[in-house]
Structures are given as structure tokens and as C-alpha cells.
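Enquirer: need a 3D model of the following:
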Amino acid sequence: MLCENFSEVKKDFDLLALGELLLRLSPLGNERLSRGDTFLKQMGGAELNVVSGASLLGLRTGIISKLPSNTIGSFAKNHVRFCGVSDDYLTYDESRDARLGIYYYEYGAYPRKPGIVYDRMNTSINKISIDDYPDSLYQSTRCFHTSGITLALSEGTCRTAIEMMKRFKAAGSLISFDVNFRANLWSGSQARDCIEQILPYVDIFFCSEDTAKLTFLKEGSIRDIMKSFTRDYPISIVASTQRIVHSPKIHTFGSVIYNAKEDAYYEEKPYENIEVVDRIGSGDAYISGVLYGLLAHSFDCRAALEYGNATSSTKNTIPGDLPSSDLAEIERIIQGHHSSIQTEMDR
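Expert: All right, here's what the predicted structure looks like:
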């Protein structure tokens, strides 16, 4: 369980995350991948999205990853720095076959859904090793985060992620984990078998209702499912997003957070009829808001819920993977969400 005085612990970082950085290429507007000639180049990656959002809100964050030692790797590193995220724990692949993972994203418009094509095999992140990092790494942060994507990439990334979890946990850091299931990386049974090995180390757990049912074969209501994870494992907080997709351009978003120590659930009215510009990264933005709420507000789950819902809903309105909303904007959005009076613009 989370210790009472954890918010008073001083470390170099509030949040470090381990994960792959990806180059994103998208046709302009609603053009198709199969016929467009021009791509917009951007950076993304689940864990980078999380620490970038948390950095914008005011946490001291860093990313742990491995990049090719070439100009594309420099492009990635520059985006890390631009988001206010530390690159202290980026390592570099000097080999001739060094490469950065790529994904191609095609926007959707009803009834055509958005689409993704991945090109991420044999990338430099798969060469990452626990030996790339000094022992001082594990004393440097209040919270360590990673996801099921990192576990699923390869045996090497899985082995490194699990060992890092153990070492950060032994050093007193909180462990945050997002299931983030991807069927193109592994099967539900593979995910379940692997993730159940690391859940004894996890303090803050992110898992949607659909993923819990499909991957962990859970049954019952979302509240029953969330509580069951804390009965089976020493997890303190479980967060689950709830998205209704009315069309590719109109979504409703909310979430539930369960605090095992309090045996209490936290919910609020959802953000309805969000005008979606780009939904990629909105789940990661939710995690950044929740972790900010917990780490900056003495583990107040109500604050975590409000920041998580607001950051995710807002990210849906921003193109690209990475968020761009600072704390002042998110707090205005939270205030507006709870107000009966809505203004036309911020001025």
C-alpha cells in the first residue's frame, strides 16, 4: 500500500518511464495511406506521451529508452527535450542496423474508421539492457511507469522492464503500470501470463473494462473487476477509462478510480460530445493527469480523477500523439466542466 509520507520524499524525478519512442507518419487531412504522397512527421510512444503530459502539468519527468545514433534519433531526442522531459536516461544504438520504430496513422471519418500500420520490428529499443544504466537510476524517482506494450515488444524489453520494476520497487519507488493491450503484439493469454507475474510489484494499475474481460477473463461490473485486482494483488489504486465512440469525430469520455485502502470509488460526470481531432495518445494523457493528481496532491484520488479526465478529453482535440496543455489550461477546463456557465473563449 502507498505509504502515508510518500509525498514528502525528495528525489531527482517525480516520474520516470520506460518505453519505445516511435516516429509517426500521417497523410495530411483525411487522405488515405494507400494513395497520399505527403506525410506529416511527428513523435510519439505510449510512455513518452505519459511523461510529456505530466511534465507539462509540472512534474519532473524523464524517459528511459534506446534510440538509433543517427539524425532520426536526434529528431526523437529533440522532441523529448521540447516537451520538458529529461533525456538523461536515453541510450544510443551505434550499430549499422540501428533504427527507430515507425507507425503510419490514417485519420477516419464516419463510417470509415482510423487505421494504423506498424513498422517496428528489430528496432533499437529491443537492444536495451539493464546493463545500460547505473545503479543510481533506481534511487532517482518517486514513481516508475511502463506498459504492456513494452513487455510485449520482445523478450529483451520484457526482461529489462521486469527487472527495472523489481529494482525501482526495492528502492522505494511507486510502480505504475498500464496494461495497454495491443493484439498485434501478443495474444490475450500471453499478456495475461506475463502481466500476472509483475502485478505483485504494481501500486497504481490502469486497465479498461474491455481489457480486463478479454485479457484477464474478469466478470461482473467494472467496480467488481477493479476491486478484484486489489484482492488478488497488493495494488493500491486501480483506474479504468470509459469511452463511448459515437463516431470517429464525436466521443464521450469518463473514468472510474478505486482506492483500495479507502475501499472507495471515484467518478464524475463524463466529458460529453468531445470534438475529436486526434484520439491517439488520449489514454496516455489520462495516465499523465492521474499520476500528476496523485503525486502533486498527496494521493488525492478525486484530484487524480479530475486531472485525468480533463487531460484525456483535451488531448482528443490536439493533433499528434503528444499533449500540449499546461496546468493552467487543464485547471480552466476542469473548472468549466463543473460550471453551469460556459464562456465562448479563454481571454
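Enquirer: CA only for contacts and neighbour counts going forward, please
Expert: OK.
Enquirer: can you pull the buried residues of stretch 96-106?
Expert: 98, 99, 100, 101, 102, 103, 104, 105, 106 (16 or more other CA atoms under 10 Å).
Enquirer: contacting residues for the closest residue to the last one other than its chain neighbours?
Expert: Spatial nearest neighbour of residue 106, excluding adjacent residues (CA to CA, 6 or more residues apart in numbering): residue 115 at 5.0 Å. Residue 115 sits next to 105, 106, 107, 108 when contact means CA atoms under 8 Å, 6 or more residues apart in numbering.
Enquirer: at 7 Å instead, please
Expert: Residue 115 sits next to 105, 106, 107 when contact means CA atoms under 7 Å, 6 or more residues apart in numbering.
Enquirer: and it, how close does it get to residue 313?
Expert: 21 Å (CA to CA, to the nearest Å).
Enquirer: what of residue 177?
Expert: Distance check for residue 177 against residue 313: by CA to CA, it reads 21 Å.
Enquirer: buried residues in the host helix or strand of residue 191?
Expert: Residue 191 belongs to helix 188-198 when assigned by DSSP states H and E. Neighbour counts using 16+ other CA under 10 Å place 188, 191, 192, 195, 198 of helix 188-198 among the buried residues.
Enquirer: same deal with stretch 37-57?
Expert: 42-57.
Enquirer: C-alpha coordinates for it, CSV please?
Expert: Extracted in CSV, the C-alpha atoms of stretch 37-57 (Å, rounded to 0.1, in the frame of the first residue of the first chain):
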residue,chain,number,x,y,z
ASP,A,37,2.1,11.3,-51.4
THR,A,38,2.9,13.5,-48.4
PHE,A,39,3.4,12.6,-44.7
LEU,A,40,3.5,14.7,-41.6
LYS,A,41,6.4,13.6,-39.4
GLN,A,42,5.8,13.6,-35.6
MET,A,43,7.0,11.7,-32.5
GLY,A,44,5.0,9.5,-30.1
GLY,A,45,5.1,6.4,-28.0
ALA,A,46,2.9,5.5,-25.0
GLU,A,47,5.4,6.1,-22.2
LEU,A,48,6.8,9.3,-23.8
ASN,A,49,3.2,10.6,-24.1
VAL,A,50,2.7,9.9,-20.4
VAL,A,51,5.8,11.7,-19.1
SER,A,52,5.4,14.6,-21.6
GLY,A,53,1.9,15.3,-20.3
ALA,A,54,3.0,15.0,-16.7
SER,A,55,5.9,17.4,-17.4
LEU,A,56,3.5,20.0,-18.9
LEU,A,57,1.5,19.8,-15.7
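Enquirer: tell me the contacts of the closest residue to residue 123 other than its chain neighbours?
Expert: Leaving aside its chain neighbours, residue 123 sits nearest to residue 99 (5.1 Å; criterion: CA to CA, 6+ apart). Residue 99 makes contacts with 68, 123, 124, as judged by CA under 7 Å, 6+ apart.
Enquirer: just the element for residue 99, please.
Expert: Counting by DSSP H and E, residue 99 is found in no helix or strand.
Enquirer: kindly provide the distance from residue 162 to residue 329.
Expert: 36 Å.
Enquirer: more neighbours: which of these two?
Expert: residue 162 (20 against 16; other CA atoms under 10 Å).
Enquirer: and what about the more buried one, helix, strand or coil?
Expert: Secondary structure state of residue 162, per DSSP: H, G, I helix; E, B strand; the rest coil, is helix.
Enquirer: and the residue nearest the centre of the chain, what element?
Expert: Per CA atoms, centre = their mean, the C-alpha nearest to the average position across the chain is that of residue 284, at 3.1 Å. Using DSSP H and E, residue 284 falls within helix 282-296.
Enquirer: show me what counts as buried in that helix.
Expert: 282-296.
Enquirer: which member of the residues you listed is positioned nearest residue 11?
Expert: Residue 11 has its nearest neighbour among the buried residues of helix 282-296 in residue 295, at 12.2 Å by CA to CA.
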